[in-house]
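Visitor: Using only what follows, build the 3D model:
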Amino acid sequence: MTHLTQQAIEFFPTKYWHKLDDGRVQCDLCPHFCQLKEGKQGLCFVRANHNDQIVLTTYGRSSGFCIDPIEKKPLNHFLPGTPVLSFGTAGCNLTCKFCQNWDMSKSREVDILADQASPEKIARVAHDLGCRSVAYTYNDPVIFMEYAIDIAKACRKYDIKSVAVTAAYINKQPGKEFFNYMDAANVDLKAFTEEFYHKLTGGHLQTILDSLVYLKHETDVWLETTTLLIPGKNDSDEEINAMTRWVVDNLGTDVPMHFTAFHPDWKMRDIPATPAATLTRARQIALDNGVRYAYTGNIHDKSGESTYCHHCGQQLIGRDWYVLSEWNLDENGCCKNCGTACSGVFDKKPGTWGAKRQPVSLKSFV
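Guide: Got it, this is the predicted structure:
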């Protein structure tokens, strides 16, 4: 636990905590259950004990905003081709040694939170810029859930959707509240062994599996998963086979799965990048086990990036990186060739945002 500094500009009250008999306060947001003395921060860095209550120290502050293609989240079945306003804050409640966004998620400096913005301003800017959704990403939004929920509420006034890019490492009750305001989620299913989660992320696999089952069966949130395949750590045929079978048995055949390439980063710079063949193999195992929509990511693979009809094999959505090249869905989201429905949330026509990445400074908006 670290000590709270006075750099934070606002201490925003939270409700998932309780006082202990020894004078400490326990945070009940996630399974870490951090027990904090006055002035101490939890493992996530952004939730702290201030005046004998757990507060959020990053409400209203961001490490930056950028308009991305929705496919970059990655979400391939949620409003394809449309722009999403993406942002994050600082900190994380997992300690992944392979973190690809470590400069934000592992930050212990509030100074990186350069952009200040109210939920109402973020919603208005997203609307003015023509974004169909806002993504809470870069670091895990569950740790700033109060800020994310307020933004989601503001976005609903403009019919702007909310997207959570998350590891879903959150307890049941706060998870219910958080996901109640999300329209789509891409959940990192980082591996399929408890050993991997415990040693490399500081978390536990079962919490993630419970979150996935809840999202699929008790919410209307559109769900996709992502697994970063790390050579020698979670890329064996046996593990991928077990994972994809679990997904089919517990989530169904229609949850898209993304297998993405690792590159050496953070505390795992001694492991080589994932070979493209590993991703192709994982995708094929998923398809063989009944997953209807399986994708490769972080490599250039038109076939592995594209969407196909699970009934007739027709290419429904062609992708070249983040550019849509083919669109063979009718106005109802069905295959034009055979009429079979493709699972997802689709407009009558695809978006045309393409692969553009456009940084946004909210300071330029009144």
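
Visitor: CA only for contacts and neighbour counts going forward, please
Guide: Fine.

Visitor: Please report how far residue 295 lies from residue 337.
Guide: 22 Å (C-alpha to C-alpha, to the nearest Å).

Visitor: Using PDB, write down the CA coordinates of stretch 181-188.
Guide: What follows is stretch 181-188, C-alpha atoms only, in PDB (Å, rounded to 0.1, in the frame of the first residue of the first chain):
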ATOM      1  CA  TYR A 181     -24.400   1.300 -17.400                       C
ATOM      2  CA  MET A 182     -22.200  -0.400 -20.100                       C
ATOM      3  CA  ASP A 183     -23.500  -1.300 -23.600                       C
ATOM      4  CA  ALA A 184     -20.600  -3.400 -24.600                       C
ATOM      5  CA  ALA A 185     -17.500  -5.000 -23.000                       C
ATOM      6  CA  ASN A 186     -14.400  -6.600 -24.200                       C
ATOM      7  CA  VAL A 187     -13.100  -8.700 -21.300                       C
ATOM      8  CA  ASP A 188      -9.500  -9.800 -21.000                       C
END
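
Visitor: quick one: contacts for residue 164?
Guide: Taking C-alpha atoms under 8 Å, 6 or more residues apart in numbering, we find residue 164 in contact with 135-137, 141, 182, 184-186.

Visitor: Who does it form a beta bridge with?
Guide: Judged by DSSP bridges, the bridge partners of residue 164 are residue 136, residue 185.

Visitor: Distance check, it against residue 318.
Guide: 25 Å.

Visitor: do residue 338 as well
Guide: 17 Å.

Visitor: Look at those two and report which has more neighbours.
Guide: residue 318 (20 against 12; other C-alpha atoms under 10 Å).

Visitor: Please state the mean pLDDT value computed over the helix or strand hosting that one.
Guide: Using DSSP states H and E, residue 318 falls within strand 315-320. Per-residue pLDDT values over strand 315-320 give a mean of 97.

Visitor: Which helix or strand lies directly C-terminal to that strand?
Guide: strand 323-327.

Visitor: Can you list the strands that that following strand pairs with?
Guide: Strand 323-327 has the following strand partners under DSSP bridges: strand 315-320 (antiparallel).

Visitor: Give me the contacts around the strand it pairs with.
Guide: With C-alpha under 8 Å, 6+ apart as the test, strand 315-320 has contacts from 300-303, 305-309, 324-329, 335.

Visitor: same deal with stretch 178-197?
Guide: By C-alpha under 8 Å, 6+ apart, stretch 178-197 touches 73-75, 78, 142, 145, 149, 152-153, 161-168, 203-206, 208, 212, 215, 219-228, 233-234, 239-240, 242-243.

Visitor: returning to that earlier point: between residue 295 and residue 337, which has more neighbouring residues?
Guide: residue 295 (26 against 16).

Visitor: Just list the residues touching that one, thanks.
Guide: So residue 295 contacts 256-259, 283, 304-306 (C-alpha under 8 Å, 6+ apart).

Visitor: need those residues in a markdown table with distance to residue 356 and secondary structure, can you?
Guide: Formatted as a markdown table, the contacts of residue 295 follow (distance: C-alpha to C-alpha, whole Å; DSSP: H, G, I helix; E, B strand; the rest coil):
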| residue | distance to residue 356 | secondary structure |
| --- | --- | --- |
| 256 | 23 | coil |
| 257 | 24 | strand |
| 258 | 21 | strand |
| 259 | 22 | strand |
| 283 | 26 | helix |
| 304 | 21 | helix |
| 305 | 17 | helix |
| 306 | 18 | coil |
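
Visitor: Same list (the residues you listed) but as a markdown table, adding distance to residue 289, neighbour count and pLDDT.
Guide: Listed next are the contacts of residue 295 as a markdown table, based on distance: C-alpha to C-alpha, whole Å; neighbours: other C-alpha atoms under 10 Å; pLDDT from 0 to 100:
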| residue | distance to residue 289 | neighbour count | pLDDT |
| --- | --- | --- | --- |
| 256 | 13 | 25 | 98 |
| 257 | 12 | 30 | 98 |
| 258 | 15 | 29 | 98 |
| 259 | 15 | 26 | 98 |
| 283 | 10 | 23 | 98 |
| 304 | 16 | 23 | 98 |
| 305 | 19 | 25 | 97 |
| 306 | 19 | 22 | 98 |
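
Visitor: can you list these in CSV and add distance to residue 95?
Guide: Listed next are these as CSV, based on distance: C-alpha to C-alpha, whole Å:
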residue, distance to residue 95
256, 26
257, 23
258, 22
259, 21
283, 27
304, 30
305, 29
306, 32
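
Visitor: Contacts for stretch 216-230, please.
Guide: Counting by C-alpha under 8 Å, 6+ apart, 74-75, 78, 179-180, 182-191, 215, 235, 251, 255-262, 271, 273-274, 278-279, 344-345 sit against stretch 216-230.

Visitor: which of the residues you listed are buried?
Guide: Neighbour-count burial within these applies to 74-75, 78, 179, 182-191, 215, 235, 251, 255-262, 271, 274, 278-279, 344; the criterion is 16 or more other C-alpha atoms under 10 Å.

Visitor: Okay, and which of those map to strands?
Guide: Counted as lying in strands by DSSP state E, out of the buried ones among the contacts of stretch 216-230, are 184-188, 257-261.

Visitor: farthest pair in these?
Guide: 184 and 261 (22.6 Å; C-alpha to C-alpha).

Visitor: Now residue 41: closest residue in space, sequence neighbours ignored.
Guide: Leaving aside its chain neighbours, residue 41 sits nearest to residue 48 (4.1 Å; criterion: C-alpha to C-alpha, 6 or more residues apart in numbering).
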